[in-house]
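# model this:
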Amino acid sequence: MNAGKLFAIIAPIFAMIGMGQLAVRFRFVDKAGLRGLNDLVFFAGLPALLFRSVVEAPTFSVLAIASAYFTAGLVVYGVAFAFSLFAFRMGLARAAMIGLNASYGNTVLMGVPVVAGVYGQDGLSSLLGIISLQSVVFLPMTTVLIEIGGKRQTNLRNLLRITVFGVIRNPIILSIFSALLWRAAGIPVPDALDGWLNMLGAAGPPVALFCLGASLPLVKMGGVALEALFCSLLKLIAMPLLVWTVARAAGLSGLPLAVAIMTGALPTGANAFMIARRAETGLEASAATVVLATAVFPVTLALVLAATR
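Residues are numbered from 1 along each chain as shown. Below you'll find the model as predicted:
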């Protein structure tokens, strides 16, 4: 891929993120307006896009992609967790947050627009299994470790219940499973409904990128620079390389392999920061990792595109 085509793919993505940053910095959008845009993306735009992608995908086989991704993700999580526990001498809760920061990708706000823009509708359908399972796998696991590390086991059952039900009620996950049921029933999508989903879904990726830029926390690296760099290196370099290794061993090739690698290379998702804030554990390091990994992601994206297209 030549530099011109590469720039044409990357530039619009980060232009939208930059617009979000500038809109907040110069107060063109206030907190209430940003909350409304986030709700539009999360409850309408992206669910419509994902529902239509599942229902209309010519083929839908995501088990191999999801398996490769989560095998690599769990290895990276385990390495980061163990290294933090034994080398950095961190507590269990803080080490769990480092593991999450190093392995939890921004598959919705960043992954959907990037994969849809680069690989189109077929590429997006390959991403759905990872989106569906990532929160189900990594967030409850981290929650358990944080609670054990914080010696708050008495609240563990209630917290797990809240976490699991929160995942189940997630509109992104609900849209995917609803579309799977619709597809299994063999019901054709009426033209009017398809047109509405298309219009609504088209707004999802660009507004999602705008909201991502506007929502990135403005942090000072300070004493958490080493942790942020450690997690970013694992997420942006080790994770895609490991996904590539596992996916090739599983026999993936072509578009599924490219989507798996691209998804593995995504920067740390903001949900990791949300978990840190709720648990009051490693908040600064998590925020710094989200910002640093997102800022460096254009370089990773260029390398992945050059290697896979």
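# could you report the neighbour count for Gly251?
Residues lying near Gly251 (other Cβ atoms under 10 Å) number 10. Yep, even glycine has a C-beta here, placed from its N, CA and C like the rest.
# surely it touches Ala64?
Yes: counting by Cβ atoms under 8 Å, Gly251 does reach Ala64; the two are 7.3 Å apart.
# this protein: helices as residue ranges?
Taking DSSP state H as the test, the helices found in the chain are 3-25, 31-40, 46-56, 63-86, 92-103, 112-149, 156-168, 171-185, 191-215, 225-233, 239-249, 254-264, 270-279, 283-308.
# so the first one versus helix 191-215, what angle?
What it means is helix 3-25. 70 degrees (axes from the mean of the first three to the mean of the last three Cα atoms, to 10 degrees).
# in helix 3-25, which residues are buried?
Residues of helix 3-25 classed as buried by neighbour count (16 or more other Cβ atoms under 10 Å): 6, 9-10, 13-14, 16-17, 19-21, 23-24.
# average pLDDT across that helix?
On average, the pLDDT along helix 3-25 is 80.
# got it, and the third one?
The average pLDDT for helix 46-56 rounds to 81.
# elements contacting it?
helix 112-149, helix 171-185, helix 191-215 (3 or more Cβ pairs under 8 Å, 6 or more residues apart in numbering; DSSP states H and E).
# okay if I get the ones you listed as CSV plus mean neighbour count?
Shown next, in CSV, are those (neighbours: other Cβ atoms under 10 Å):
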stretch, mean neighbour count
helix 112-149, 21
helix 171-185, 16
helix 191-215, 18
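# quick check: which of the ones you listed is nearest to Ala247?
Closest approach to Ala247 among those (Cβ to Cβ): helix 112-149, 11.1 Å.
# please pull out the lowest mean pLDDT helix or strand from the protein.
Lowest by mean pLDDT, DSSP states H and E among the helices and strands of the chain is helix 156-168, with a mean of 64.
# one step back: I'd like to know which of the buried residues of helix 3-25 is nearest to Phe70.
Nearest member of the buried residues of helix 3-25 to Phe70, counting by Cβ to Cβ, is Ile13, at 25.2 Å.
# for this protein, what are the low-confidence residue spans?
The model of the chain has pLDDT under 70 over residues 1-6, 57-62, 150-168, 217-222, 309.
# how about JSON lines for the helices and strands packed on helix 46-56, with distance to Met262 added?
Output for these, formatted as JSON lines (distance: least, Cβ to Cβ, whole Å):
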{"stretch": "helix 112-149", "distance to Met262": "6"}
{"stretch": "helix 171-185", "distance to Met262": "18"}
{"stretch": "helix 191-215", "distance to Met262": "14"}
